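# Output the structure for:
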Amino acid sequence: LYYRRADAPKGSGRTVPMPPYQVGPGMCRVRLTGLQPRTKYVIAASLNGRVVEDRVGSFTTAPVEGAPAKFRVAFTSCMKPDHETHHSFEVLRKQDPDLLLLLGDNVYSDTTNRGRIWQHHVDMRTVPVFGGLIRLVPTLAIWDDHDFANDDSDGTAPGKEGSLTAFKELFPNPSFGLPDVPGVFFRFQWANVDFFMLDVRYHRSPNKAPDGPRKTMLGPGQFRWLVGGLRASKAPFKVLVSGSTIEEKDHDCWRSFGHELRRLYGAIRQHRVTGVVLLSGDLHRSIVKVHPAERTGFYDLVEVISSGIAVGGPMNFATLDFDTTLADPTMTARIVERTARVSKEHVVRL
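Okay, here's the model as predicted:
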């Protein structure tokens with residue numbers, strides 16, 4: 001792999017070996033060193049010392065960790081490679097996001113078979129507009145039911161370990177779960193905003209189980225990890241990223257896990273955690289939902305839902321513009337239609 005700063009002369013970059021099939025069939029993982037923050041780099045395949053021009057991409061590195069900044073995040077869920085149009089991916093690329101988050105149903109493999117999961121992701125990444133997008137924008141991901149096991153699946157799914165193995169191979173997330181708690185959840189910081197990427201499938205109780213202390217969406221280990229991370233966070237915004245919505249479905253949402261949701265709300269209130277917002281998917285439409293303080297017990301909780309970018313419906317998506325350089329930091333959520341029209345804008349002030 002060849003890489004250089006975009007503003008550096010051609011041929012002045014560095015190369016690192018790409019060992020074939022190091023991770024899985026047709027994929028390897030390469031670590032680039034010496035990168036500068038908030039800097040654009042060009043990457044390309046290099047064969048026998050010659051840069052392959054039709055395999056050129058680029059990316060911009062993250063801002064300085066912990067420092068205030070302005071940046072844009074795009075996030076999506078629910079997509080199929082055989083959809084009649086993928087125009088929305090091109091619209092998303094033109095929004096020039098610094099970061100892309102995939103919230104699940106990134107494919108509809110509906111299986112826990114590692115090989116079949118791989119094939120579905122390869123099919124999705126060979127869609128030109130999607131492959132072109134993730135070649136240009138740093139991308140992190142969690143899963144939901146259709147790319148974990150099957151429709152409305154939960155922690156009882158047979159063979160879920162195969163799904164986890166495939167997901168770890170397919171996405172370059174900074175971590176996956178904890179040493180003693182498997183799953184795809186992880187935490188990362190972009191500038192001085194903390195993101196908590198949640199796994200709402202691997203440890204999930206069945207939706208129809210009786211609600212109460214034993215029914216869980218996250219599992220006890222992940223729940224403790226989340227509350228501990230929220231308590232320790234000094235970020236102006238703490239972004240919880242969940243494949244499932246809070247209540248925007250009549251089933252398969254946090255509303256069916258009322259006891260655990262109330263525990264989470266209680267922890268936010270008890271520990272005076274400020275700046276919590278929620279991102280979710282699954283719905284096959286994109287909206288901004290405000291859960292009032294009367295229900296949460298602390299402050300209005302803003303939930304931004306982005307779903308269905310390439311699987312029927314309106315095929316729209318959401319962006320978030322953060323500006324933490326302000327005295328009162330802001331997050332501006334926008335719902336972007338496939339025509340590039342912004343149909344909804346909502347500003348959250350810290």
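# and the residue of the chain most remote from its centre, what are its phi and psi?
Seen from the C-alpha centroid of the chain, the residue lying at the greatest distance (CA atoms, centre = their mean) is residue 48, 35.7 Å away. Per-residue torsions, residue 48: phi 50, psi 40 (degrees, to the nearest 10).
# for the one 4 residues further on, same thing?
Backbone dihedrals for residue 52, given as degrees, to the nearest 10, come out at phi -90, psi 110.
# show me what contacts it?
Residues in contact with residue 52 (CB atoms under 8 Å, 6 or more residues apart in numbering) are 44-46. From N, CA and C alone the C-beta is placed, and that goes for glycine too.
# The nearest residue to residue 201 once chain neighbours are set aside and residue 112, how far apart?
With CB to CB, 6 or more residues apart in numbering as the criterion, residue 201 has its nearest non-adjacent residue at 4.2 Å, and that residue is residue 148. Computed as CB to CB, to the nearest Å, the residue 148 to residue 112 distance reads 8 Å.
# Can you give me the neighbour number for the residue nearest to residue 127 when sequence neighbours are not counted?
With sequence-adjacent residues excluded and distances taken as CB to CB, 6+ apart, residue 127 is closest to residue 81, at 5.0 Å. Look at residue 81: counted by other CB atoms under 10 Å, it has 17 neighbours.
# pLDDT at residue 86, what is it?
If you check residue 86, the pLDDT there is 87.
# So it is in contact with residue 131, correct?
No - counting by CB atoms under 8 Å, residue 86 sits too far from residue 131 to count as a contact (10.2 Å).
# So for these two, which sits in the more crowded spot?
Each of residue 86 and residue 131 has its neighbours counted (other CB under 10 Å); residue 86 has more, 21 against 14.
# Now do the contacts for that one.
Taking CB under 8 Å, 6+ apart as the test, what residue 86 contacts is 79, 127, 129-130, 310.
# which two in the residues you listed are spaced the farthest apart?
Using CB to CB, the pair of the contacts of residue 86 lying farthest apart is 79 and 129, separated by 10.8 Å.
# Comparing these two, which shows the higher neighbour count?
Shown here are residue 79 and residue 129; by other CB under 10 Å, residue 79 has more neighbours (25 against 16).
# Would you format the contacts of residue 86 as JSON lines with pLDDT included?
JSON lines is the format used below for these (pLDDT from 0 to 100):
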{"residue": "79", "pLDDT": "96"}
{"residue": "127", "pLDDT": "94"}
{"residue": "129", "pLDDT": "94"}
{"residue": "130", "pLDDT": "96"}
{"residue": "310", "pLDDT": "94"}
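# ok, so of those, who is nearest residue 155?
Closest to residue 155, out of all of the contacts of residue 86 and judged by CB to CB, is residue 79, at 24.4 Å.
# Checking residue 258 next. Helix, strand or coil?
State at residue 258, reduced to three classes by DSSP: H, G, I helix; E, B strand; the rest coil: helix.
# do the same with residue 226
Recorded secondary structure, residue 226: helix (three-state DSSP).
# what's it in contact with, if anything?
185, 196, 198, 218, 240, 264.
# Of these, which belong to strands?
196, 240 (DSSP state E).
# Distance to residue 205 and neighbour count for the contacts of residue 226 - can I get that in CSV?
Formatted as CSV, the contacts of residue 226 follow (distance: CB to CB, whole Å; neighbours: other CB atoms under 10 Å):
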residue, distance to residue 205, neighbour count
185, 16, 26
196, 20, 21
198, 15, 26
218, 10, 26
240, 19, 21
264, 15, 20
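# re the thing from before, dump the residue contacts of the residue nearest to residue 201.
Contacts for residue 148 (CB under 8 Å, 6+ apart) come out as 104, 112, 157, 160, 163, 201-202.
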